[in-house]
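Trainee: here is my input; please provide its structure:
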Amino acid sequence: MAKSIRIQRVNETIKQVLGELVLTGLKDPRIGLVTITEVRVSNDLAAARVYFSVMGDEETHKKTRQGLISARQFMRREIGRALKIHTAPELRFIYDDSLDRAIRIDEKLHEAGLDDSVDSVDRQGNPVAPPAAAGGTEGGDK
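Mentor: Model (predicted):
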């Protein structure tokens, strides 16, 4: 159990360090607005899969990945400093397409007209019907 907690802490620390680096420390023009979505380090801390997302087309994804790969050694050095370890994990960059999938699902729902049935949610997360469907006279007595 303690080992998995340690791995989780290492994952979060690496994610934080890489997030800060892509925001401020990398000067490669191929790397735009990148989000580090997840880090999964191996049990022996020898390797880490770094999942990232970036807005744009397939070409943008490829260029961003190439930029991240070219900065890999610099990032490993910074991770080693942050974790205070001699050998930082080997970084493997993987494009996270979950945002793309969510956008496609939203578009499909919009095309099917299913996203108009609920305009918002209340504080507890329950759906609230649009005012026209509620049948009330809100704001009409002024």
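Trainee: identify each buried residue in stretch 45-59, please.
Mentor: Neighbour counts over stretch 45-59 (16 or more other Cβ atoms under 10 Å) mark 45, 48, 49, 50, 51, 52, 53, 54 as buried. All C-beta spots, glycine's among them, are computed from the backbone N, C-alpha and C.
Trainee: what's the nearest residue to residue 40 if we skip its chain neighbours?
Mentor: Leaving aside its chain neighbours, residue 40 sits nearest to residue 49 (4.7 Å; criterion: Cβ to Cβ, 6 or more residues apart in numbering).
Trainee: if that neighbour is in a bridge, with which residues?
Mentor: As for beta bridges, residue 49 partners with residue 40, residue 92 under DSSP bridges.
Trainee: that one reaches residue 39, doesn't it?
Mentor: Yes: between residue 49 and residue 39 there is a contact at 7.2 Å, judged by Cβ atoms under 8 Å.
Trainee: sweet, I'm off.
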